[in-house]
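Student: predicted model, plus sequence, below.
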Amino acid sequence: MDNPDQLNIQLSKEERDILQGAKGSVLQKVMKTVVLYGEALGAEQLVDIEGQGHLVIPWSIPGISPPIDMLEELVDAGLRTKHPFTLDPYPPLDFSNLNLDPEVESAILEMHSKQDRYDELMMQLGLRDEDAYTCNPYQPEVGNIPKQDAILAWSESACAIFANSVLGARTIRNGAIMDLLLNIVGKTPLTGLLTDEGRKANWLVEIEMENLPDPQLLGTAIGLTIQSGVPYLSGLDRFLNNDLDETTMDYLNEMGAMLATYSAVSLFHVENITPEAVDSGKDLLTPDYRKYVFNAGEFENIRTSFSVLWDDPKAKPEKCYIGCPHLSLKQIYWWADRIESEITSHKRDRLAVETILFAAPQTLQVFQDDETTYQRTLDAGVSFSSACCETIFETRLIDGNLIVTNSNKLRAYTSARFFTDEDLVKVLVSGGVDGRV
Amino acid sequence: MGECEVSSTFEGRAVLPGNLEGEALVTQVGFNAYASFYNSLHENVVSAECADSGNKELFGKRLDGKIICLPYTIGSTSAGAVWQRISRLGVAPKAMLFSQPIDSLAAGGLIVNDIWAGRRIVTIDQLGESFLQVVKSGDKIIIEEDGTVIID
């Protein structure tokens, strides 16, 4: 690696100079990491990053984010990203919204004991602003919306797959820490999903359903079935608008997040809906593509396949977390309306299960500005947070707690129990997992 | 690259080369590094039991010190930071042997660990589909500097 002439990847003179230490030892180490990454992925060269980043490293918890000493080293060397970046949701330190046991709060504080310094370092490294924390950064209120064909270096599997698929931007599925280093260099390997060839679909997924399937279950089923590659979905345009309106965007955001959770997939095409599928249709399929049919049988198989990790599967839920990934404004209103109508129709005053909706700070602010609806939702027993609900589980103190969710991503990493949206509304009003009021 | 004439010897690409021997632990499905090491990221861990309940082959088995044989990795991109952490805690696998070209998520995490933590997890990729058909958990594996993998 010390001799650029031994690499297959072709480097510019500037890149070679940096690799040989011309701009300091720390940037040299950053460039070495990036170049070896490109070499491992078979990239021909590095290319410039063309837009803001989105990184998966908001928490100071060791093992999930870069070590503090590494960040200090980068900052001490005067390095920062070429473009500003947004981060995944902030740690669950907004205790007034979360109603946690004192021992859980203590554990969270202990886990994030260096969060203040971590936040300072992130600002110095290029964080866009102090509220730039969400896993739904392309919401209009947040505004990190990449342009089609823009070269990026994003992480957070849910965000990378959305940027690639729905927005038509181009990013490799980068991991934590590498995401930061790529954006500091301002370059990313030209390979895989950055190339036209790498964006071809090697799976045709035919959706043969009479109604629009739950996006969480569809994404999970596709991910578990195909595991890697690029799927081309046909049949969804019977149910979704092809102008990428809010409903379609939200559906594809949820579906994609689940698909990425259960596989190595970071790009999908949807016939007549996503940009490249609109432009090229089935020409995106490779000659040797494989086929997967998602029908009512598959739907039922996946719906009933999840283990319940509670000691008593019939126990009454204690809490509900909704918003993994973070909700859009339209989704918050859907939950507010649906909860209100359900408790009204069953002559209840409020939900039987303590419920928290999670969304970006900017999105929540817009909802809170609608004071009447906001207050009515609070009165129904709903709280709001901009934190990451999954991080609460990392204390290991709520394993097995009776938490329900509509996120099959949260379920994948925790003991939370999954219900589809409509089933969950009934659970929340009834207080029982059978949903009977 | 792929299987040689001797059925127990495979030629891969040495992404992070090294010479070592160890015991194979095999998954035929994508390895979710974040879910697998979810319980092994905290101070005072002494071993790393696979916490990924979705992986029927590995769930509950010790990953530390093993040679993990896999097609590719899947799941959360937080996994990128996991490798450096488990290395620093001393509960990392000895090596990762990929049947397919290494995926970006695994490559990033393993290379960052190598350069920034200075602790190598030997990594070989492109061993071919037949490698995963032949290797079994518990097999003794010999890895050579040039990417040769021998199932003893």
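Tutor: Alright, I've got the coordinates.

Student: just the pLDDT at A:Glu120, thanks.
Tutor: We have a pLDDT of 98 for A:Glu120.

Student: how near is it to A:Ala176?
Tutor: According to C-beta to C-beta, to the nearest Å, A:Glu120 stands 19 Å off from A:Ala176. Yep, even glycine has a C-beta here, placed from its N, CA and C like the rest.

Student: with A:Tyr413 instead?
Tutor: When distance is defined by C-beta to C-beta, A:Tyr413 is 15 Å away from A:Ala176.

Student: of A:Glu120 and A:Ala176, give the one with the bigger neighbour count.
Tutor: A:Ala176 (31 against 13; other C-beta atoms under 10 Å in any protein chain shown).

Student: who touches the more buried one in this structure?
Tutor: Applying C-beta atoms under 8 Å, 6 or more residues apart in numbering or on different chains to A:Ala176 gives the contacts A:55-57, A:64-66, A:155, B:77-81, B:109.

Student: now, which of those residues lie within strands?
Tutor: For the contacts of A:Ala176, membership in strands holds for A:Leu55, with DSSP state E as the criterion.

Student: in JSON lines, list the contacts of A:Ala176 along with neighbour count, distance to A:Ala387 and pLDDT.
Tutor: Converted to JSON lines, the contacts of A:Ala176 look like this (neighbours: other C-beta atoms under 10 Å in any protein chain shown; distance: C-beta to C-beta, whole Å; pLDDT from 0 to 100):
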{"residue": "A:Leu55", "neighbour count": "30", "distance to A:Ala387": "17", "pLDDT": "97"}
{"residue": "A:Val56", "neighbour count": "29", "distance to A:Ala387": "15", "pLDDT": "95"}
{"residue": "A:Ile57", "neighbour count": "27", "distance to A:Ala387": "15", "pLDDT": "94"}
{"residue": "A:Ile64", "neighbour count": "25", "distance to A:Ala387": "14", "pLDDT": "83"}
{"residue": "A:Ser65", "neighbour count": "26", "distance to A:Ala387": "15", "pLDDT": "87"}
{"residue": "A:Pro66", "neighbour count": "27", "distance to A:Ala387": "20", "pLDDT": "92"}
{"residue": "A:Ser155", "neighbour count": "33", "distance to A:Ala387": "19", "pLDDT": "96"}
{"residue": "B:Thr77", "neighbour count": "30", "distance to A:Ala387": "19", "pLDDT": "92"}
{"residue": "B:Ser78", "neighbour count": "30", "distance to A:Ala387": "16", "pLDDT": "90"}
{"residue": "B:Ala79", "neighbour count": "27", "distance to A:Ala387": "21", "pLDDT": "92"}
{"residue": "B:Gly80", "neighbour count": "34", "distance to A:Ala387": "21", "pLDDT": "93"}
{"residue": "B:Ala81", "neighbour count": "31", "distance to A:Ala387": "19", "pLDDT": "93"}
{"residue": "B:Gly109", "neighbour count": "29", "distance to A:Ala387": "25", "pLDDT": "97"}
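
Student: surely B:Val149 is in a strand?
Tutor: Yes - according to DSSP: H, G, I helix; E, B strand; the rest coil, B:Val149 belongs to a strand.

Student: what helix or strand is A:Arg117 located in?
Tutor: Element membership for A:Arg117, per DSSP states H and E: helix A:115-125.

Student: output the contacting helices and strands for that helix.
Tutor: helix A:68-76 (3 or more C-beta pairs under 8 Å, 6 or more residues apart in numbering or on different chains; DSSP states H and E).

Student: which element follows the helix it packs on toward the C-terminus?
Tutor: The element immediately downstream of helix A:68-76 (helix or strand, assigned by DSSP H and E) is strand A:85-87.

Student: and for that next one, what's in contact with it?
Tutor: Applying C-beta under 8 Å, 6+ apart, the contact partners of strand A:85-87 are A:52-58, A:122, A:126-128, A:132-134, A:137, A:142, A:144, A:183.
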